[in-house]
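Colleague: what's the 3D shape of this:
(one chain, ligands or ions: 2)
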Amino acid sequence: MTNSTATLTWQNYLELCKPKVVALIVFTAIVGMLLAVPGMPPMDNFIYGTLGIALAASSAAAINHYIDHKADAEMVRTQNRPLPKGHLSARNVLIFAGTIGLISMLLLIFLVNPLTAVLTFLSLIGYAIIYTVYLKRMTPQNIVIGGAAGAAPPVLGWCAITGEVHPHALLLFLIIFVWTPPHFWALAIARREEYAKVEIPMLPVTHGSEFTRLHILLYTVLLLIVTLLPYLTGMSGLIYLFTAIPLGIGFIYFALLMRRHKDNKTAMRTFGYSILYLMIIFAALLIDHYIPLSLS
Ligand code: HEM
Ligand SMILES: CC(C)=CCC/C(C)=C/CC/C(C)=C/COP(=O)(O)OP(=O)(O)O
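Modeller: Residues are numbered from 1 along each chain as shown. Ligands and ions are numbered 1, 2, ... in the order given. Okay, the predicted model is just below:
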């Protein structure tokens, strides 16, 4: 194998893992871990927990590539993925997904704790099988229900440190769960023709873009309310609150902008904002945890 072929192979495997999505997922898990205890969490649980969750999410992403390869070949956004392009064989993808999935489970069972392993496994199956095989092709509520898998990582992170599912961790779950529909539907509006072409019943395809825009707005309002809960329950302080409120208002502003400007560019700007939103709100939770303002 020449050097450039080796690089290409390596890049293809990395692409299977959806590295940017998984990076943000892992960040939310890390925030869950750091919020679970005052000060620093035990290093072993932190490192092996992070690795285990990252490998499970990557395995789920690779399985999603395998199951979706036919639809992916039909859509401009996904047609250059390693399977539709023929850069990797289905067999290689399955072996890769199985191997990293297994390593993840071994790490979590033996070096973290069994509850984290079970919950991570359920998230993997939730995304790779329940969402990708069934929900995605069955109902326009696919991403609302399937969003539970993507929202799980802070709970997994928290559990990796304490061995329990704490109600505060469930608040973090709730934030990502309510964030997911406006995150995805903004993109789905811009890509509705492609989803229609491959007969995937995303909300803008089945109920139209207007209806979807209204639902994006409703979810951003709900999200602003839900993001007040960490402050109201005493889990987070004023640094968090003063970040969450303007961020939430910003998301509502984008949702309103989408109702005024019906172009794909505005929809994609909203999608871009959603990613920035999640990064910043979780960063704020973290900063607030270590630098609590005692004004409250
Ligand atoms: C059911 C749940 C979700 C759905 C259906 C969904 C859908 C998508 C789609 C289709 C893209 C691809 C955009 C593209 O190809 O340009 C994307 C990108 C992205 N998603 Fe999500 N997402 C979900 C949950 C999440 C979660 C839980 C996170 C992180 C916590 C996340 C973070 C991201 C990031 C960072 C990107 C940008 C990737 C890039 O720039 O390449 N998503 N999402
Ligand atoms: C901890 C653990 C195991 C979590 C798994 C969560 C996980 C990897 C979520 C990914 C969310 C995502 C990118 C959904 C899009 O899938 P899609 O098929 O609708 O998008 P696509 O068309 O870009 O493939």
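Colleague: all contacts plus neighbour counts: C-alpha atoms, from now on.
Modeller: OK.
Colleague: so which elements touch the helix or strand containing F242?
Modeller: Assigned by DSSP states H and E, F242 belongs to helix 238-260. Counting by 3 or more CA pairs under 8 Å, 6 or more residues apart in numbering; DSSP states H and E, the packing neighbours recorded for helix 238-260 are helix 203-226, helix 229-232, helix 264-290.
Colleague: make TSV out of those and add mean pLDDT, mean neighbour count and distance to S59.
Modeller: Formatted as TSV, the helices and strands packed on helix 238-260 follow (pLDDT from 0 to 100; neighbours: other CA atoms under 10 Å; distance: least, CA to CA, whole Å):
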stretch	mean pLDDT	mean neighbour count	distance to S59
helix 203-226	98	19	27
helix 229-232	98	17	31
helix 264-290	98	19	22
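Colleague: between those helices, which gets nearest to ligand 1?
Modeller: Using CA to the nearest ligand atom as the criterion, the shortest distance between ligand 1 and these is 5.6 Å, found for helix 264-290.
Colleague: which residues touch M40?
Modeller: Under the criterion of CA atoms under 8 Å, 6 or more residues apart in numbering, the contact partners of M40 comprise L34.
Colleague: for ligand 2, what are the nearby residues on the stretch 101-250 of the chain?
Modeller: By CA under 6 Å from any ligand atom, the residues of the stretch 101-250 of the chain that approach ligand 2 are 120, 123-124, 127, 149-150, 153.
Colleague: so which bits of stretch 236-252 are buried?
Modeller: With burial defined by 16 or more other CA atoms under 10 Å, the residues of stretch 236-252 counted as buried are 236-241, 243-245, 247-248, 250-252.
Colleague: any residues touching it, and which ones?
Modeller: With contact meaning CA under 8 Å, 6+ apart, stretch 236-252 is reached by 217, 220-221, 223-224, 227-228, 230-231, 270, 273-274, 277, 281, 284-285, 287-289, 292-296.
Colleague: lowest confidence element among the helices and strands of the protein?
Modeller: Among the helices and strands of the chain, helix 3-16 carries the lowest confidence by mean pLDDT, DSSP states H and E, at a mean of 85.
Colleague: could you point out the helix or strand that follows it?
Modeller: Moving toward the C-terminus from helix 3-16, the first helix or strand encountered (DSSP H and E) is helix 19-35.
Colleague: only the buried residues of the very next helix or strand once past that following helix, if you could.
Modeller: Downstream of helix 19-35, the next assigned helix or strand under DSSP H and E is helix 43-67. By neighbour count with 16+ other CA under 10 Å, helix 43-67 contains the buried residues 45-46, 48-67.
Colleague: for the chain, which residue is closest to the average position?
Modeller: With distances taken as CA atoms, centre = their mean, the chain has G150 as the residue nearest its mean C-alpha position (4.1 Å).
Colleague: now for P182, how many residues are close by?
Modeller: Burial measure for P182: 26 neighbouring residues, criterion other CA atoms under 10 Å.
Colleague: please report how far it lies from L223.
Modeller: When distance is defined by CA to CA, to the nearest Å, P182 is 10 Å away from L223.
Colleague: again with W158
Modeller: Counting by CA to CA, the gap between W158 and L223 amounts to 22 Å.
Colleague: what's the answer for L88, then?
Modeller: Computed with CA to CA, the distance linking L88 and L223 is 40 Å.
Colleague: tell me the contacts of M258?
Modeller: 213, 266-267, 270.
Colleague: just send these back as TSV, with distance to ligand 1 too.
Modeller: TSV is the format used below for the contacts of M258 (distance: CA to the nearest ligand atom, whole Å):
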residue	distance to ligand 1
R213	16
T266	15
A267	12
T270	12
